[in-house]
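> Generate coordinates for the sequence data below:
(chains A and B)
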Amino acid sequence: ETGVTQTPRHLVMGMTNKKSLKCEQHLGHNAMYWYKQSAKKPLELMFVYNFKEQTENNSVPSRFSPECPNSSHLFLHLHTLQPEDSALYLCASSRGLAGVGNTGELFFGEGSRLTVL
Amino acid sequence: GIQVEQSPPDLILQEGANSTLRCNFSDSVNNLQWFHQNPWGQLINLFYIPSGTKQNGRLSATTVATERYSLLYISSSQTTDSGVYFCATHSGGYQKVTFGTGTKLQVIP
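Below is the predicted model:
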């Protein structure tokens, strides 16, 4: 148990579907992240939120829409995805952003494995 | 941005053997983490080690920040050690963490 919980663990969706991934952290952290891990590629940072405010959008297509209602919850809304979006989506949290009095040490959830048909 | 390279990319060990995984980075770093990704995809924190040496059971890690590398030692390996090991680091006081490409370890009985 890392204190970061992701649901669902597995998701299969068609290209016209709308679905959401959920992440919840019980660590009292203030920063939350979405990462994408595709086969044969390094982990890619997608979004960063700090105290509910988005601080980083790493040129992610608009078919991925993040939402952070509070410091403990992070969502990734998915719509009109492409088969190449199939990947493992990992949520992480940290006490704060690195370089602002915090180490930025990351704690990851178990991931949501997404398959787009 | 900072470049993070890991070696070897793949490693097969007999159960009980020892191994050393290496992480090189191209610039000075503020922190460094080692993770183990299990076969189900979860990234498990092993060490937060911006400098110095830490030990946790059969695992230990050393970061020599001035030489821009970190090492992860696995002793008396077990089949449950199989998976991919990543190092990751911040640079420049920025929240964008850069991950290495990983070392895929397979421990066989």
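
> Contacts for the least confident helix or strand in chain B by mean pLDDT, please.
Within chain B, no helix or strand scores below strand B:98-99, which has a mean of 89 by mean pLDDT, DSSP states H and E. Applying CB atoms under 8 Å, 6 or more residues apart in numbering or on different chains, the set of residues contacting strand B:98-99 from outside is A:P42, A:L43, B:G1, B:I2, B:Q3, B:V4, B:F86, B:C87, B:A88, B:T89, B:H90, B:S91. For every residue, glycine as well, the C-beta is placed using N, CA and C.

> With stretch B:7-27 instead?
B:2-6, B:32, B:34, B:68-79, B:85, B:87, B:89, B:91-92, B:100-109.

> where along chain A do the strands fall?
Secondary structure of chain A, counting by DSSP state E: strands at A:4-7, A:10-13, A:18-25, A:31-37, A:44-50, A:53-57, A:64-70, A:73-79, A:87-94, A:107-108, A:112-116.

> average model confidence for the fourth one?
In other words, strand A:31-37. The average pLDDT within strand A:31-37 is 95.

> which other residues reach it?
So strand A:31-37 is contacted by A:23, A:25, A:43-51, A:66, A:68, A:71, A:74, A:76, A:87-97, A:104, A:106, A:108, A:111, B:41, B:95 (CB under 8 Å, 6+ apart).

> Output the strands of chain A in CSV; the columns should cover distance to B:T62.
CSV is the format used below for these (distance: least, CB to CB, whole Å):
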stretch, distance to B:T62
strand A:4-7, 27
strand A:10-13, 38
strand A:18-25, 30
strand A:31-37, 26
strand A:44-50, 27
strand A:53-57, 31
strand A:64-70, 36
strand A:73-79, 34
strand A:87-94, 23
strand A:107-108, 22
strand A:112-116, 34
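
> And those: which comes nearest B:A61?
B:A61 sits nearest to strand A:107-108 of all the strands of chain A, at 17.2 Å, using CB to CB.

> Does anything pack onto that closest one? Which helices or strands?
If you count contacts as 3 or more CB pairs under 8 Å, 6 or more residues apart in numbering or on different chains; DSSP states H and E, strand A:107-108 packs onto strand A:87-94, strand B:43-48.

> Report whether the first one contacts chain B.
Yes. Remark: strand A:87-94 sits within contact range of chain B at A:L88, A:L90, A:A92, by CB under 8 Å from any CB of the partner chain.

> packing partners for that strand?
Here strand A:87-94 touches strand A:4-7, strand A:18-25, strand A:31-37, strand A:107-108, strand A:112-116, going by 3+ CB pairs under 8 Å, 6+ apart.
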